[in-house]
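> Fold the following, please.
(2 chains)
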Amino acid sequence: MQQPGDRIFAASAKGAGILILVVLAGVAAFLVIQAIPALVANPADLPGGRNIAVYVAPFIFGTVISSAIALIIATPLAIAVALFITHYAPRRLAQGLGYLIDLLAAVPSIVYGLWGLAVLAPAMLGLSTWLNTYLGWIPLFAGPVSVTGRTMLVVGVTLAVMILPIITAVSREVFLQTPKLHEEAALALGATRWEMIRMSVLPFGRSGIISGAMLGLGRALGETMAVAIILSGSSIITFNLISSGNPSSIAANIALNFPDSTGLAVNTLIASGLVLFVITLLVNSLARYIINRRREFSGAN
Amino acid sequence: MTIDTERAQQEKVEPPTGPVSLVRAELPRWAPYGILVGSLVVVGVLLAVTGGFSIGLFVFLSAVLFGLVTYLISRLVEGARKATDRLVTIVVTVAFLIALIPLISVVITVVTNGVARFDSAFFTESMRGVGGANDLAGGGYHAIMGTLIITALAAVMSIPVGVLTAVYLVEYGSKSRLARAVTFFVDVMTGIPSIVAGLFAFALFALFFGPSIRLGFAGSVALSVLMIPVVVRSTEEMLKIVPNELREAAFALGTPKWRTILKIVIPTSIAGIASGITLAIARVIGETAPLLIAVGITTGVNFNPFANRMATLPVFAYYSYAAPGVPREPYLDRAWTAALVLIIIVLVLNLVARLVARVFAPKTR
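Now for the predicted structure:
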């Protein structure tokens, strides 16, 4: 027997769940509706006067390459930090140190942008010059070195700082779930701490690391303000990371141009936002899929 | 010949001099510290002699030397396995210290640059009429109010939806297909780029009010899209750890399910839920991109989120920095102060969340 209060409460709870699905569908629907004018328009009317794909391509390239740099830097560092917090730091300090790393995630992205431009860009000039002098034969560091430091490399490092806490948090979580018996068995057989980690913790946490890295990638792909502030974006596709004139990312391009755009230009920007939405949706779904599949195996919840 | 074998046998029987060691030699406990000090000194002297001293290079080379020397000495004395273990310990510790550098650097930079305009004028004046001769005045009052109003509106919309959804997932949905779909899409929503949320809010309102619409409320909608999944996730975790015995005890007394949830389940987990909501607010209060798109910027105070543009702290900081007036310095100072205020708000919210979770946690013996 159900009371009326019961029915009302159950219905509103269910309604809230359905509302979320509607909102997500709405996000996709409204973006598509507003993007259509740009997709069907005469290419000559679009910004740049070319096809929409030609317009978006450099920004996709910029998005991917900045996120790739961030991921390459942040993933090993995050694994090491997570290991430090879970297995190396004194037990009493561990939780506090975890909070410290979480604070990195709490800093607003606009602050990272200002910091990246004011502190990191000048600080990395030396490194960029060194890379150009000794590794200049690699196309990535071909130069000429940008004197302002507003380069793709600086953006990548800033993004790495921003996604580090995400990857760390996920890895930390799975490292803590490693069965104690596995760890103790390894130690009892005479393994050193590193051998224990390599034999029991890392294999157990591998899928967690992968999904954490992909969640970090999702954040890096969509990061807006840090890129918009640091990079003086162009629309040239180049692998050269340390000179001026790197392509901006999709999100940064929207933020830079949206406030002053009207008419078809707005629709074009929304279309590029739709592309970003689809990319991040795919990356995040894949990450969640990996996490969920693992959860069933491990029996940890 | 015979004498030789006898002698050899005698030698074999003879007990070994001194005790047999079953463990390998170990480095003394102070060895790592000694090597660390040694590498710091050596690198410092070398750099001072060559004249190329810089703090970054000094720390970097010292760390490399420290790792190398520890590995070599340990390998000679303790063997390869122990040496690798020591090397990994150093690498992991150094990685953690590297991760702390940006946090410390960000805080120092923002505080030193922001403290110049961290005065009463910043908290009481807007930017209306600022420029030219009286450029040193002006502040972020309008932006602070805008941020508070827009975030509060977003919270008012997100908290009921988020908490109810979590209740549905834990108490009603269990394994239904709808519940699984909601869980999956909430996870996916966590990853929506903030600028896409801004574009969504703009697209929604532009459909009804035309493409030049900029509203405080549109910003709240965008922030809600970002906030709801965080609230759902944290509330769900908290509801899950409420012991089933409590629910069963209430049912056994004939309490209807909705009263059980409202009177037993939620009060038990309220500390965790409140802490999760605070963290969710901290996450969206610093968002720039969606507000840049959907709300825009203005110089005056606007308390009405349902009409016209509003200023918000992050967007105010962005425009002060990216498009300063002439002279530049007062604008840059205001941008840094806005960043400082933002960081303080976010850190305080984080601290409050931790305190709430710890102080009001249900007592478990």
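> Now A:Pro247: phi and psi?
Backbone geometry at A:Pro247, expressed as degrees, to the nearest 10, gives phi -70, psi 140.
> these two touch, right, it and A:Phe239?
No. Using CB atoms under 8 Å, A:Pro247 is not in contact with A:Phe239; the gap is 10.4 Å. Yep, even glycine has a C-beta here, placed from its N, CA and C like the rest.
> shared neighbours, these two?
With contacts defined as CB atoms under 8 Å, 6 or more residues apart in numbering or on different chains, the residues adjacent to both A:Pro247 and A:Phe239 are A:Ile65.
> Of those two, which one has the most company?
A:Pro247 (25 against 13; other CB atoms under 10 Å in any protein chain shown).
> neighbours around B:Val352, how many?
By other CB under 10 Å, 16 other residues sit near B:Val352.
> What of B:Val182?
Residues near B:Val182, counting by other CB under 10 Å, number 25.
> Just the buried residues of stretch A:30-38, please?
Neighbour-count burial for stretch A:30-38 flags A:30-31, A:34-35, A:37-38 (criterion: 16 or more other CB atoms under 10 Å in any protein chain shown).
> Report the mean per-residue pLDDT for it.
In this model, stretch A:30-38 has a mean pLDDT of 87.
> Over to stretch B:347-362?
On average, stretch B:347-362 scores 84.
> Tell me the spacing between A:Tyr289 and A:Ser211.
A:Tyr289 sits 8 Å away from A:Ser211, going by CB to CB, to the nearest Å.
> between these two, which one's more packed in?
Each of A:Tyr289 and A:Ser211 has its neighbours counted (other CB under 10 Å); A:Ser211 has more, 24 against 14.
> so who does the more buried one touch?
Residues near A:Ser211 by CB under 8 Å, 6+ apart: A:170, A:287-288, A:290-291, A:294.
> let's see it at 6 Å
Taking CB atoms under 6 Å, 6 or more residues apart in numbering or on different chains, we find A:Ser211 in contact with A:287, A:290-291.
> How many residues are close by residue 100?
Going with chain A. Neighbour count for A:Leu100, taken as other CB under 10 Å: 17.
> that's the wrong chain, I meant chain B
Residues lying near B:Leu100 (other CB under 10 Å) number 14.
> And it, what's its pLDDT?
Reading off the model, B:Leu100 has pLDDT 89.
> Mind naming the longest helix for chain A?
Criterion DSSP state H: the longest helix present in chain A is helix A:4-40.
> so does it get close to chain B?
Yes. Judged by CB under 6 Å from any CB of the partner chain, helix A:4-40 and chain B are in contact via A:5-6, A:9-10, A:12-14, A:16-17, A:19-21, A:24, A:27, A:30, A:34.
> just to revisit the earlier point, top of the contacts of A:Ser211 by neighbour count?
Within those, A:Ala287 tops the neighbour count with 23 neighbours, counted by other CB under 10 Å.
> Just the C-alphas of stretch B:156-164, formatted as CSV.
This file holds the C-alpha atoms of stretch B:156-164, laid out as CSV (Å, rounded to 0.1, in the frame of the first residue of the first chain):
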residue,chain,number,x,y,z
VAL,B,156,19.0,27.1,-5.9
MET,B,157,18.3,25.3,-9.2
SER,B,158,21.0,22.6,-8.9
ILE,B,159,20.7,21.4,-5.3
PRO,B,160,17.1,20.2,-5.3
VAL,B,161,17.5,18.5,-8.7
GLY,B,162,20.8,17.0,-7.8
VAL,B,163,19.8,15.7,-4.4
LEU,B,164,16.4,14.3,-5.6
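> So which bits of it are buried?
In stretch B:156-164, counting by 16+ other CB under 10 Å, buried: B:157-159, B:161-164.
> Narrow these to those in helices?
Using DSSP H, the buried residues of stretch B:156-164 in helices are B:157-159, B:161-164.
> And the residue of the stretch 101-250 of chain B closest to chain A?
When scored by CB to the nearest CB, the stretch 101-250 of chain B has B:Pro193 as its residue closest to chain A, at 2.3 Å.
> What values do phi and psi take at B:Leu169?
Main-chain torsions, B:Leu169, degrees, to the nearest 10: phi -60, psi -40.
> isn't it right next to B:Ala181, touching?
No. Using CB atoms under 6 Å, B:Leu169 makes no contact with B:Ala181, being 10.7 Å away.
> For B:Gly276, which non-adjacent residue is closest in space?
Excluding the flanking residues, the one nearest B:Gly276 by CB to CB, 6 or more residues apart in numbering or on different chains is B:Ser234, at 2.7 Å.
> Kindly report the residues of the stretch 251-365 of chain B close to chain A.
Contact residues, the stretch 251-365 of chain B versus chain A (CB under 6 Å from any CB): B:256-258, B:282, B:286, B:288-289, B:292-293, B:314, B:317-318, B:339, B:342, B:346, B:350.
> Among the residues you listed, which one lies nearest to chain A?
The closest of these, once distances to chain A are taken by CB to the nearest CB, is B:Gly286, at 2.6 Å.
> ok, now which ones touch the closest one?
B:Gly286 makes contact with A:108, B:314, B:342, B:346 under the criterion CB under 6 Å, 6+ apart.
> which secondary element of chain A has the worst mean pLDDT?
helix A:264-298 (a mean of 81; mean pLDDT, DSSP states H and E).
> What about contact with chain B: does that helix have any residue there?
Yes. Using CB under 6 Å from any CB, helix A:264-298 reaches chain B at A:270, A:273, A:276-277, A:280, A:284-285, A:288.
> just the angle between that helix and helix A:4-40, please?
Per axes from the mean of the first three to the mean of the last three CA atoms, to 10 degrees, the angle that helix A:264-298 makes with helix A:4-40 is 130 degrees.
> chain center to helix A:264-298, what's the gap?
Between the centre of helix A:264-298 and the centre of its chain there are 11 Å (CA atoms, centre = their mean, to the nearest Å).
> which other helices and strands contact it?
Here helix A:264-298 touches helix A:4-40, helix A:202-222, helix A:250-257, helix B:177-190, helix B:194-209, going by 3 or more CB pairs under 6 Å, 6 or more residues apart in numbering or on different chains; DSSP states H and E.
> Keep the buried residues of stretch B:156-164, but drop any that are not near chain A.
Applying CB under 6 Å from any CB to those, those adjacent to chain A are B:161, B:164.
> Low-confidence bits of chain A, can you list those?
Counting by pLDDT under 70, the low-confidence segments of chain A come to A:1-2, A:47-49, A:233, A:294-301.
> Which single residue of the stretch 51-200 of chain A ends up nearest chain B?
Proximity of the stretch 51-200 of chain A to chain B (CB to the nearest CB) peaks at A:Pro108, 2.6 Å away.
> Which residue, other than its chain neighbours, is closest to that residue?
Closest residue to A:Pro108 apart from its sequence neighbours, by CB to CB, 6+ apart: B:Gly286 at 2.6 Å.
> which non-adjacent residue is nearest B:Ala353?
Closest to B:Ala353 by CB to CB, 6+ apart is B:Thr278, at 3.9 Å.
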